[in-house]
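Asker: Next comes the sequence, and after it the predicted model I'd like to discuss.
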Amino acid sequence: MSPDRVPFDRSRAVRWASLALATVVVAVLAERVGVPSAALFVALAVATVFALCGWGPGKVPRTASMGAQAVLGVEIGTLLDRDTMSSLGSDWIWVVVVSLGTLVLSIAAGALLGLHRDLDATTGALALVAGGASGMVAIARDLGGDERVVAVVQYVRVLLVTASLPFVATVVFSADTGQGGSLDTASAPLWTDALFIAVCLLVGIPLGRLIRLPAPALLGPLLISGAADLLGWTGDAGVPFLLLQLVYIVIGWQAGLQFTLNSLKSIGRIIPWAVLLIIAIAVGCALLGLILVGTTGITPYEAYLATTPGGIYAVLALAAASSVNVTFVVAAQVLRVFMMLLVVPLFTRARGRG
């Protein structure tokens, strides 16, 4: 290595360290004030500031990006709990119907957003998928979309839905959300988590490539993790909290470090239209919830929680703090996220080939 490269490498290391420190500090503060999906979207915001100020350390290495996708796939797969899904009983068909309706709404809204002069159809479709925001941001580039736009619009969706949840619950449904319920957070020893993650990655990624899945690094481990959970093989194994936060940070950096002033201006022109379409999706999903009310016997409030198009962890926390059928809400929300993450990439790739 020539001597003149040493200062460059040192400068880059300092920039990465500065980005990491700033991200962690701001993420901790954001988490304390209740910002939804704090790690991912704080990383996006901080990396964007660094990039616009000319202090960005460069692109996230491909290996780090793929690793983050793979671990995220494992985490999403663990949501597919056998006992929870079995709680749907014979009502599962109606939950699938409503999830398909949400999928159609998302694709239609994405197609409308894709008509904007600053967007392409693929980016529009991925940006308005009603579920799996972190997954869509992670794989946007692999599917030919603009990950910057996808990240910002997905965050706007999560923010709008999450912020509206308490208001709708208390004002529209007069729900009592102060009962202090909680979700099961049992965890396995770290060595069990590490072994589980390693198996999902070592089996899932090659399998995803073998069967030619779009974004195999995400979807391959997701399928293995989900199948293992449904078969009851995982116990309490999953992705440790700190590792998951690191994954979210890498995904946020991946998009944020690509920003320029021109791209930021173009996204600013898109946001008003995106907000209108997000509101339309939310209203459409609420109407789809009436199908569940008429076919499964759940209450309108439970149907609202089960069909809300985003903010899944906020929805589950709100359900746990209310007198509702929590397992039904969890199952319906998880099924929606899985359908979005599995079907939309396949649809996007098929349309690209067409």
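Answerer: Sure thing, it's come through.

Asker: Only C-alpha atoms from now on, for both contacts and neighbour counts.
Answerer: OK.

Asker: how distant is stretch 145-163 from the center of its chain?
Answerer: 10 Å (CA atoms, centre = their mean, to the nearest Å).

Asker: so where's the protein shaky on pLDDT?
Answerer: Scanning the chain for pLDDT under 70 picks out the ranges 1-9, 36, 176-187, 351-354.

Asker: what sits against residue 288?
Answerer: 98, 101-102, 307 (CA atoms under 8 Å, 6 or more residues apart in numbering).

Asker: Just the buried residues out of those, in ChimeraX syntax.
Answerer: Here is the ChimeraX command that selects only those of these that count as buried (16 or more other CA atoms under 10 Å):
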select :98,102,307
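
Asker: okay, the contacts of residue 288 in JSON lines with distance to residue 196 next?
Answerer: Shown next, in JSON lines, are these (distance: CA to CA, whole Å):
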{"residue": "98", "distance to residue 196": "32"}
{"residue": "101", "distance to residue 196": "34"}
{"residue": "102", "distance to residue 196": "32"}
{"residue": "307", "distance to residue 196": "31"}
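
Asker: Just name the closest of the contacts of residue 288 to residue 62, please.
Answerer: Closest approach between the contacts of residue 288 and residue 62, by CA to CA: residue 102, at 32.4 Å.

Asker: Now do the same for the closest residue to the closest one other than its chain neighbours: helix, strand or coil?
Answerer: Of all residues not flanking residue 102 in the chain, residue 285 sits nearest, at 6.2 Å (CA to CA, 6 or more residues apart in numbering). Under DSSP: H, G, I helix; E, B strand; the rest coil, residue 285 falls in the helix class.

Asker: And residue 285, how close does it get to residue 303?
Answerer: If you measure residue 285 against residue 303 using CA to CA, to the nearest Å, the figure is 10 Å.

Asker: Then residue 103?
Answerer: Taking CA to CA as the measure, residue 103 and residue 303 are separated by 17 Å.

Asker: and the residue nearest to residue 230 when sequence neighbours are not counted, what does it touch?
Answerer: Of all residues not flanking residue 230 in the chain, residue 82 sits nearest, at 4.5 Å (CA to CA, 6+ apart). Contacts for residue 82 (CA under 8 Å, 6+ apart) come out as 229-232.

Asker: now swap in residue 174 and tell me
Answerer: With CA under 8 Å, 6+ apart, residue 174 has no contacts at all.

Asker: Provide the backbone phi and psi angles at it.
Answerer: phi 50, psi 40 (degrees, to the nearest 10).

Asker: mind listing what's buried in stretch 306-313?
Answerer: The neighbour-count check on stretch 306-313 (16+ other CA under 10 Å) flags 306-312 as buried.

Asker: Same list, those residues, but as TSV with distance to residue 113 and secondary structure please.
Answerer: Converted to TSV, the buried residues of stretch 306-313 look like this (distance: CA to CA, whole Å; DSSP: H, G, I helix; E, B strand; the rest coil):
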residue	distance to residue 113	secondary structure
306	25	helix
307	22	helix
308	20	coil
309	17	coil
310	18	coil
311	21	coil
312	23	helix
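
Asker: out of those, which one sits closest to residue 236?
Answerer: Nearest to residue 236 among those, counting by CA to CA, is residue 312 at 20.2 Å.

Asker: Against residue 242, how distant is the residue lying closest to that closest one once chain neighbours are set aside?
Answerer: Among residues not flanking residue 312 along the chain, residue 333 sits closest, at 6.7 Å (CA to CA, 6+ apart). From residue 333 across to residue 242, the span is 24 Å (CA to CA).

Asker: what about the closest residue to residue 301 other than its chain neighbours, how many neighbours?
Answerer: The shortest distance from residue 301 to any non-neighbouring residue, by CA to CA, 6+ apart, is to residue 173 (6.2 Å). The burial count assigned to residue 173 is 13, neighbours taken as other CA atoms under 10 Å.

Asker: Look up phi and psi at residue 173.
Answerer: Residue 173 has phi and psi values of phi -110, psi 0 when expressed as degrees, to the nearest 10.

Asker: quick one: it from residue 98, how far?
Answerer: 21 Å.
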